[in-house]
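Undergrad: based on what follows, work out the 3D shape:
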Amino acid sequence: MLKTIGWTFAFRMSNLNTGIKRVCVYCASSNQVAKVYFDAAETLAIELVKHGVTVVYGGGAKGLMGKLATTVLEHGGHVVGIMPHFMREVEWAHKQVTEFHFVADMHERKKKFLENADALVALPGGVGTLEELLEALTLKKLGLFTRPIVIVNTNNYYDPLLLILERSVEEGFMGIRHRAMWSVVTDATDVMNAIANAPRWDEDAIRFAALT
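TA: Take a look at the predicted model:
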């Protein structure tokens, strides 16, 4: 059975004022996934717009990326796309997103994602999303990224990943304190609460990054 991993939030706060202005969202580009995942992307977009948050994402027009961006725009929000030039050349870019940053490669893209981000949110996604999420967790473990990381576990999609993260703690590959690097929600409406209540993290994390 899946244990409670990271910090899981199942409550709402009224009149939430987090000071969060810019959130990076990782998610799938596939159009072939179930409707429940598209619904989660739509819900997250509405919640972020409701709180006046600028959404930073991968710039795609399809899959959860497209749903996220289109919904933000439909509700009067602001969205920033970040995409390598080679993706633009095959016309993957969302045509309605007016603020785009085209970068040299995938490495620069990931770096740009986290610049000035007040938080990071991971909706379900494939290997690209998983790779981005795990890199962000690695950077946080080293104290190089200190903002909240929230995993939206729609339809229990992330259960296997959460189990391996927990096992890495149990078997000494990470410390107990590293469980605080991420928060988990099952409903996208709880993301802003999870961000607001994420445990404090700072550059001093480098001091206990390696277990000796």
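
Undergrad: tell me the centre residue of the chain?
TA: Centroid-nearest residue in the chain, with C-alpha atoms, centre = their mean: Val121, separated by 2.0 Å.

Undergrad: remind me what the helix or strand in which that one is found packs against, helices and strands.
TA: If you go by DSSP states H and E, Val121 is part of strand 119-122. Packed against strand 119-122, as judged by 3 or more C-beta pairs under 8 Å, 6 or more residues apart in numbering; DSSP states H and E, are the following elements: strand 22-26, helix 127-141, strand 149-152, helix 191-196. Placement of C-beta: from N, CA and C, glycine included.

Undergrad: tell me the confidence at Ile5?
TA: On pLDDT, Ile5 comes in at 44.

Undergrad: all strands for this protein, in order.
TA: Assigned by DSSP state E, the strands in the chain fall at 7-8, 22-26, 54-57, 79-84, 99-103, 119-122, 149-152, 183-185.

Undergrad: one step back: in JSON lines: the helices and strands packed on strand 119-122, plus mean neighbour count, distance to Val49 and mean pLDDT.
TA: Converted to JSON lines, these look like this (neighbours: other C-beta atoms under 10 Å; distance: least, C-beta to C-beta, whole Å; pLDDT from 0 to 100):
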{"stretch": "strand 22-26", "mean neighbour count": "26", "distance to Val49": "11", "mean pLDDT": "98"}
{"stretch": "helix 127-141", "mean neighbour count": "17", "distance to Val49": "22", "mean pLDDT": "97"}
{"stretch": "strand 149-152", "mean neighbour count": "27", "distance to Val49": "16", "mean pLDDT": "98"}
{"stretch": "helix 191-196", "mean neighbour count": "24", "distance to Val49": "11", "mean pLDDT": "97"}
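
Undergrad: tell me which of those lies nearest to Ile46.
TA: helix 191-196 (10.9 Å; C-beta to C-beta).

Undergrad: how near is the residue nearest to the centre of the chain to Arg207?
TA: Look at Val121 and Arg207: by C-beta to C-beta, to the nearest Å, they are 27 Å apart.
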